[in-house]
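J.: sequence plus predicted model, see below.
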Amino acid sequence: MSDRYLSVVQVAELLGTTVRFPRRLVAERRIRYVKVGTHVRIAESAVNEYIAAHTVEPRRPQRSRFRRAA
């Protein structure tokens, strides 16, 4: 296992959010996590998977079927 396990505070810093957001992800089971006693740890790969799954790609501007009249 070469994966780093991050605390909730470290995940919040990585995502640029408050601590409340990763805690909510864990509570709603929207991200993989490991419980070690009372501590919650999130694998760095799980954070990367979450980011990849929720990345929105830009759309190409659609060309209009109708051309402008001169």
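T.: Right, received. Where do you want to start? The structure displayed is predicted, hence computed values, not measured ones. Numbering: from 1, shown residues only.
J.: can you give me the strands for the protein?
T.: Counting by DSSP state E, the chain has strands at residues 5-6, 34-36, 39-43.
J.: point out the most buried one among the ones you listed.
T.: Stretch with highest mean neighbour count among those: strand 5-6 (a mean of 18; mean count of other C-beta atoms under 10 Å). Using the backbone N, CA and C atoms, a C-beta is placed for each residue, glycine as well.
J.: parallel or antiparallel, which strands does it pair with?
T.: strand 39-43 (antiparallel) (DSSP bridges).
J.: kindly export the partner strand (C-alpha atoms) in CSV.
T.: C-alpha atoms of strand 39-43 as CSV (Å, rounded to 0.1, in the frame of the first residue of the first chain):
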residue,chain,number,x,y,z
HIS,A,39,-10.1,9.0,13.3
VAL,A,40,-11.2,9.3,9.7
ARG,A,41,-8.6,9.0,7.0
ILE,A,42,-9.2,9.4,3.3
ALA,A,43,-6.9,7.9,0.7
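J.: so which residues make contact with it?
T.: Contacts with strand 39-43, where a contact means C-beta atoms under 8 Å, 6 or more residues apart in numbering, come from 3-8, 11, 22-23, 26, 31-35.
J.: I appreciate the help and will end here.
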